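>>> Got a predicted structure plus its sequence, pasted below:
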Amino acid sequence: MTETEPETPTTEQRPDAAGESDAEEPATPSDAFSVLGNEVRMAALRALADADGPLTFSELFEATSAEKTAGFAYHLRQLTGRFCRKTDDEEYVLTYAGREVTRAIRAGTYTDSVDVDPIPVEDPCPFCGERALEATGTDNYVAIACRACERPTLSLPFPPGGHRGHARENLLSAFDRHHRHRLALLADGVCPECSAPAEARVEYRDGEELPDERPQVAFDCERCGCRLRSPVTLAVLEHPAVVAFYHRHGVDVRDRPLWNVGEEWREQVVSEEPWCVRVSTELDGDVLALFVAEDLTVVETRESTTAAS
């Protein structure tokens with residue numbers, strides 16, 4: 001499973017959703033980010049983020065390194081409207097954009113690059129079965145590969161706040177939970193980055209229509225450019241039929257890490273026109289099969305025994 005930056009940056013466009021106000025045109029990215037390039041303004045935003053409620057002009061002034069109120073008033077005007085707003089009581093609070101910016105700064109999203117020394121992974125390699133998986137981290141990306149067969153399993157980003165906040169022994173568990181939730185959102189048609197609609201389509205890996213190639217799910221968000229490629233199996237792990245099937249067998253499917261969800265899973269292309277992929281799992285002689293359409297819709301589920309299947 002891999003996630004990469006979009007090959008061509010997408011332009012920001014206003015959605016045509018019904019009921020959306022167009023009273024104020026959005027700022028250009030260069031205008032919005034240029035406002036943040038000043039320590040006095042950043043200090044004011046941090047003070048608002050740390051406060052339990054609105055702050056007055058004087059309280060904000062005292063929280064910064066500004067020497068004169070007139071100069072600080074100029075800086076505050078640059079922030080007001082986009083990153084903070086003035087209340088009816090003449091106090092200041094963060095806007096949505098201001099809150100998101102301060103959270104990203106606290107988390108180190110724009111400023112922190114984390115590398116991780118190799119971490120042994122206890123689970124066997126899904127390709128060769130050897131217990132030789134190893135996780136490494138470079139520039140806020142975590143990659144898991146097998147030292148024995150030298151095949152990569154996945155490569156996904158993990159925010160620097162996650163790297164810094166979790167102990168080394170808990171890092172991979174947090175990484176797994178983080179991306180399970182992101183996958184579930186994408187499977188539901190919602191981009192985990194910007195919450196815009198996300199498109200899912202089943203196709204052969206790299207678009208090569210070869211019968212011996214495994215299918216994959218391509219997730220794409222046209223709004224922000226979020227892209228992820230995943231095995232079909234991982235995209236249906238949170239389906240109610242899967243969760244219930246494992247629960248009846250005394251197993252929590254959420255305990256299976258994304259880099260190896262179990263050797264009992266199988267994928268088979270049933271049809272290409274239209275697309276239909278049979279994803280199946282077997283526990284204690286019982287088989288659950290999900291038939292997945294091109295848009296990742298599970299059109300049918302079937303349960304049987306090993307002999308019957």
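In hand now; what should we look at?
>>> residue boundaries of the strands in this protein?
Taking DSSP state E, the strands of the chain run over residues 2-4, 84-86, 92-94, 116-120, 133-138, 141-146, 152-157, 199-204, 215-220, 227-230, 265-272, 275-283, 286-293, 298-305.
>>> Mean pLDDT lowest where, among those strands?
Sorting those by mean pLDDT places strand 2-4 lowest, at a mean of 73.
>>> Can you report phi and psi for Glu238?
phi -90, psi 10 (degrees, to the nearest 10).
>>> Let me know whether it touches Leu186 as I believe.
No. Glu238 lies out of contact with Leu186 (Cβ atoms under 8 Å); the separation is 10.7 Å. Placement of C-beta: from N, CA and C, glycine included.
>>> For the closest residue in space to Arg131 that isn't next to it in sequence, give me phi and psi.
Counting by Cβ to Cβ, 6 or more residues apart in numbering, Arg131 lies nearest to Pro124, which is 5.2 Å off, once chain neighbours are set aside. Main-chain torsions, Pro124, degrees, to the nearest 10: phi -70, psi 160.
>>> Let me see the contact set for Arg164.
With contact set as Cβ atoms under 8 Å, 6 or more residues apart in numbering, Arg164 has these partners: 108, 112, 114.
>>> Would you show me how to pick out the buried ones of those residues in PyMOL?
Of those, the buried ones can be selected in PyMOL as follows, counting by 16 or more other Cβ atoms under 10 Å:
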select buried, resi 108+114
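>>> Can you list which of the contacts of Arg164 are found in helices?
Using DSSP state H, no member of these falls in helices.
>>> Could I get the contacts of Arg164 in JSON lines, plus columns for distance to Ala73 and pLDDT?
JSON lines is the format used below for these (distance: Cβ to Cβ, whole Å; pLDDT from 0 to 100):
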{"residue": "Gly108", "distance to Ala73": "31", "pLDDT": "93"}
{"residue": "Asp112", "distance to Ala73": "32", "pLDDT": "96"}
{"residue": "Val114", "distance to Ala73": "39", "pLDDT": "96"}
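>>> Just the closest of the contacts of Arg164 to Gln268, please.
Val114 (39.3 Å; Cβ to Cβ).
>>> Verify the stated contact: that closest one with His166.
No. If you go by Cβ under 8 Å, Val114 and His166 don't touch, sitting 11.2 Å apart.
>>> before we move on, the earlier item: what pLDDT does the residue nearest to Arg131 get?
96.
>>> tally of neighbours for the spatially closest residue to Glu263 that is not a sequence neighbour?
Using Cβ to Cβ, 6+ apart and skipping the chain neighbours, the partner closest in space to Glu263 is Pro126 (7.3 Å). Applying other Cβ atoms under 10 Å, we find 17 residues neighbouring Pro126.
>>> now swap in Leu45 and tell me
With other Cβ under 10 Å as criterion, Leu45 counts 22.
>>> Identify the residues contacting the residue nearest to the spatial centre of the chain.
With distances taken as Cα atoms, centre = their mean, Arg182 lies nearest the centre of the chain, 4.3 Å away. Contact partners of Arg182, counting by Cβ under 8 Å, 6+ apart, are 192, 228.
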